[in-house]
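Asks: I would like to see how this sequence folds:
(chains A and B)
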Amino acid sequence: MSATHRAPSSDGVPTEHMTPAEAREIERVQELLDTRYMADIGPLKEGWGRREFLNISTIAVSFAGLGLFVWPFLQSMNPAADVEALASIDVDLSPIETGQAITVVWRGKPVFIRHRTEAEIVAARQGDGEELLDPELDTARTEKPEWLVVIGICTHLGCVPRGQRSTDPRGDYGGWFCSCHGAQYDTSGRIRKGPAPKNLEVPPYVFVNDDTIRIG
Amino acid sequence: MASRQWNNRLIQWIDDRFPVVSMAHHQMYEYPMPRNLNYWWSFGSLAGIILLIMILSGIFLSMQYQPSVDLAFDSIERIMRDVNYGWLVRYMHQTGSSLFFAIIYIHIFRGMYYGSYKSPREITWITGVIIFLIMMATAFMGYALVWGQMSFWAATAITNLFTAIPFIGESATVWLWGGYSIDNPTLNRFYALHYLFPFVIFAVVFLHLIALHTTRSNNPLGIDLKSRQDWIPFHPYYTVKDLVGVGALATLFAVLVFFAPDALSEPENFIPANPLVTPEHLVPEWYFLPFYAILRAVPNIWFIPAKLAGVIAMFGATMIWLFLPWLDPSKVRSARFRPIYRVFFWILVANCLVLGWCGAHVPEGLWLILSRVTTAYYFLHFLVLLPAIGLIEKPRPLPHSISQAVLKPSPSHPEPAAAAAQRS
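Replies: Residues are numbered from 1 along each chain as shown, chains lettered A, B, ... in the order given. Next comes the predicted model:
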């Protein structure tokens, strides 16, 4: 692109081959092009005319169309039907002895299910009265006192806290200890110490019968 | 360039440092477009738009596709059944490939009819042929990714073409496969290249456009711009005209995607790939049929075995386009002024359609004879007829200028000049 573009100028109009009528017509068109070709600027009237209305509505409809066009593409990145089909699982609790814990996978995340001992329940209920970082009653976090079901993902930055096995470090409150950044959870899965802002999340679940829960 | 003045200070600031606004302004208002382009000139911009649609839908498909022999076919069925709007994204990609070829073929034959390949537009033409070659490779590899029966056996047949190369053929094919048959390594590399090539096409499209904007668009009269009356700015005239084409394309696209998504594809490809059983009747997608017919038509020629001769003829059918600017000696571009060439142009079009028709049938009996005749004619056209016509043809007189030809009073436009004279 150069400043002096190479468009032919109108100087060399060959008139000798034309009838006078043709020459006049070309002159008329030339005038039309010279005055109106740039974005077709006619004499602008004050305020909003038909031209503005057409321009704005064309642009608006184009953007609406673009939105409709892009929507399916973006939607295709959301969880697909086969992923959604895995959204609920049944867990048999009968083999879990008191004091044991198991980890099950729900929506690709670990879910901690702990069969709490009497002492752990008492500790959790005592915790209700203490000063909590994210106050929540133990009764509100459990369906039955002996079963605690929480998503095993630290609310700080998503590590899986330790404490599922009795030999794991469980922190000062006997629940879970996240070795990534030192968050400590109590026997109700509540945050008690460390950088995590929230309690371990309780997933939606119901007791299908005395020994089975359905998560999700 | 930076000397251009803008009212908005932010635009001025950017334009002084990165002249994108000046460039857009230049291309929209100052770049001269012949005033007489017809709708056959819309197919370039349509090809560009469909390339973008293919890249967009392809990127979203690649987020769901699994390039592994065990998972590929199932992952596509998952896209069709489980992924949100996966059917829509995939059918856009599948139908889009067909429309892309249809548009490109029209674009190519438009160039042949109006002599757009002639001086000074040879490089524009050659970059276009290169785009078409990369496009064919991309489409072929993309088709293999589906990993249905037709995918697998088309990939097998086409890669086996390379075994026809003397001496190095066998090892070249093994190199191409990454093994001793089409298998997981082949699928993986096809996937990698199928993702890469569209961006290569995108880059060559820019070379195509740089060359085009240097020599300027050809036009239905095939004569150069001579004066200011011959041209109009791109915007708003051709933006609006191109939008009409976009609307027509979008309509056709929607009809195919929503009502006949599988109309143009082979049902055999709904069967997962099986390396032990070849489909009874191996056919490519419609856009490769003429080339496929050429491949199968060629017999032994002297010392060249039929297999090698077929491969040479098939690749030669496209490669010959690269030499088109020099095979046609006629100085007149547009077929409107070339009474003999115009007839032979349409014979070539018909010949190519018959080739495609032959490509869909087993090469036996009449089909084989027809394939051979049309293949021979195809090369006869480019190698003999085109040079000969250019030498013996007496072209009709060219108009002096575009404006003179276009604005001439005609019975259907009663005396515009007279009307103008009355007004003034």
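
Asks: Could you measure from B:Asp242 over to B:Ile134?
Replies: 24 Å (Cβ to Cβ, to the nearest Å). Yep, even glycine has a C-beta here, placed from its N, CA and C like the rest.

Asks: who has more neighbours, these two?
Replies: Per other Cβ atoms under 10 Å in any protein chain shown, whichever of B:Asp242 and B:Ile134 has more neighbours is B:Asp242, with 21 against 15.

Asks: Now do the SS call for the more buried one.
Replies: Using DSSP: H, G, I helix; E, B strand; the rest coil, the structure places B:Asp242 in helix.

Asks: Model confidence at the residue nearest to it when sequence neighbours are not counted, what's the number?
Replies: Closest residue in space to B:Asp242, ignoring its immediate chain neighbours: B:Ser45 at 4.5 Å, by Cβ to Cβ, 6 or more residues apart in numbering or on different chains. If you check B:Ser45, the pLDDT there is 96.

Asks: Please save the CA atoms from the helix or strand where B:Ser45 lies in PDB.
Replies: In the assignment (DSSP states H and E), B:Ser45 maps to helix B:43-62. Only the C-alpha atoms of helix B:43-62 are listed here, as PDB (Å, rounded to 0.1, in the frame of the first residue of the first chain):
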ATOM      1  CA  PHE B  43     -17.300 -17.500  -4.700                       C
ATOM      2  CA  GLY B  44     -13.900 -16.300  -3.500                       C
ATOM      3  CA  SER B  45     -15.300 -14.700  -0.400                       C
ATOM      4  CA  LEU B  46     -17.700 -17.700   0.100                       C
ATOM      5  CA  ALA B  47     -14.600 -20.000   0.100                       C
ATOM      6  CA  GLY B  48     -13.000 -17.800   2.700                       C
ATOM      7  CA  ILE B  49     -16.100 -17.900   4.900                       C
ATOM      8  CA  ILE B  50     -16.500 -21.700   4.700                       C
ATOM      9  CA  LEU B  51     -12.800 -22.100   5.500                       C
ATOM     10  CA  LEU B  52     -13.500 -20.200   8.700                       C
ATOM     11  CA  ILE B  53     -16.500 -22.400   9.500                       C
ATOM     12  CA  MET B  54     -14.500 -25.500   8.900                       C
ATOM     13  CA  ILE B  55     -11.700 -24.300  11.200                       C
ATOM     14  CA  LEU B  56     -14.200 -23.300  13.900                       C
ATOM     15  CA  SER B  57     -16.200 -26.500  13.800                       C
ATOM     16  CA  GLY B  58     -13.000 -28.500  13.600                       C
ATOM     17  CA  ILE B  59     -11.500 -27.000  16.700                       C
ATOM     18  CA  PHE B  60     -14.600 -27.800  18.700                       C
ATOM     19  CA  LEU B  61     -14.700 -31.400  17.300                       C
ATOM     20  CA  SER B  62     -11.100 -31.900  18.200                       C
END
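
Asks: sorry, back to before: what's the neighbour count on the residue nearest to B:Asp242?
Replies: For B:Ser45, using other Cβ under 10 Å, the count is 19.

Asks: worst-scoring helix or strand of chain A, pLDDT-wise?
Replies: Across the helices and strands of chain A, mean pLDDT, DSSP states H and E gives its lowest value to helix A:20-36, namely a mean of 67.

Asks: So which elements touch the very next helix or strand once past that helix?
Replies: Toward the C-terminus, helix A:20-36 is succeeded by helix A:50-75 as the next helix or strand (DSSP H and E). Here helix A:50-75 touches helix B:43-62, helix B:86-113, going by 3 or more Cβ pairs under 8 Å, 6 or more residues apart in numbering or on different chains; DSSP states H and E.

Asks: Can you give me every residue that contacts the residue sitting nearest the centre point of chain B?
Replies: By Cα atoms, centre = their mean, chain B has its centre lying nearest to B:Ile104, at 2.6 Å. Shown in contact with B:Ile104 (Cβ atoms under 8 Å, 6 or more residues apart in numbering or on different chains): B:Phe43, B:Ala47, B:Phe132, B:Met135.

Asks: Repeat that for A:Val202.
Replies: Under the criterion of Cβ under 8 Å, 6+ apart, the neighbours of A:Val202 are A:Arg141, A:Val149, A:Val150, A:Ile151, A:Gly189.

Asks: try 6 Å this time
Replies: A:Arg141, A:Val150 (Cβ atoms under 6 Å, 6 or more residues apart in numbering or on different chains).

Asks: pLDDT at it, what is it?
Replies: With respect to pLDDT, A:Val202 has a value of 94.

Asks: Next, work out how far apart the residue found closest to B:Pro32 once you drop the neighbours it is linked to in the chain and B:Ile402 are.
Replies: Leaving aside its chain neighbours, B:Pro32 sits nearest to B:Trp231 (3.5 Å; criterion: Cβ to Cβ, 6+ apart). B:Trp231 sits at a distance of 8 Å from B:Ile402 (criterion: Cβ to Cβ).

Asks: These two: which has the busier surroundings?
Replies: Ranked by neighbour count (other Cβ under 10 Å), B:Trp231 and B:Ile402 place B:Trp231 first, with 25 against 22.

Asks: didn't that one look like it was pressed against B:Tyr29?
Replies: No. If you go by Cβ atoms under 6 Å, B:Trp231 and B:Tyr29 don't touch, sitting 11.4 Å apart.

Asks: Okay, strands next: where are they in chain A?
Replies: A:89-92, A:101-106, A:109-115, A:147-151, A:174-177, A:184-186, A:191-193, A:205-209, A:212-215 (DSSP state E).

Asks: quick one: the strands in chain B?
Replies: With strands called from DSSP E, chain B shows them at B:32-34, B:231-233.

Asks: Mind giving me the packing neighbours of the first one?
Replies: It stands for strand B:32-34. Packing contacts for strand B:32-34, counted by 3 or more Cβ pairs under 6 Å, 6 or more residues apart in numbering or on different chains; DSSP states H and E, involve strand B:231-233.

Asks: Residues contacting the strand it packs on, please?
Replies: Here strand B:231-233 has contacts from A:Tyr37, B:Tyr29, B:Pro32, B:Met33, B:Arg35, B:Leu225, using Cβ under 6 Å, 6+ apart.

Asks: filter those to the buried ones?
Replies: A:Tyr37, B:Pro32, B:Met33, B:Arg35, B:Leu225 (16 or more other Cβ atoms under 10 Å in any protein chain shown).

Asks: okay but B:Thr374 is in contact with B:Val354, surely?
Replies: Yes. Using Cβ under 6 Å, B:Thr374 makes contact with B:Val354 at a distance of 5.0 Å.

Asks: pLDDT below threshold where in the chain?
Replies: The chain I'm using is chain A. Residues of chain A meeting the criterion pLDDT under 70: A:1-18, A:29-47.

Asks: try again with chain B
Replies: For chain B, the ranges with pLDDT under 70 are B:1-3, B:408-424.

Asks: Quick check: residues of it near chain A?
Replies: Residues of chain B that fall close to chain A, judged by Cβ under 6 Å from any Cβ of the partner chain: B:26, B:29-30, B:32, B:60, B:82-86, B:88-89, B:225-229, B:233, B:236, B:400, B:403, B:407, B:416-417, B:420-421.

Asks: Any of these buried? List them.
Replies: Neighbour-count burial (16+ other Cβ under 10 Å) applied to those gives B:26, B:32, B:60, B:82-86, B:88-89, B:225-229, B:233, B:236, B:403, B:407, B:416-417, B:420.

Asks: and the residue nearest to B:Ile312 when sequence neighbours are not counted, how many neighbours does it have?
Replies: Once flanking residues are discounted, B:Ile312 sits nearest to B:Ile304: 7.4 Å by Cβ to Cβ, 6+ apart. Counted with other Cβ under 10 Å, the neighbours of B:Ile304 add up to 16.
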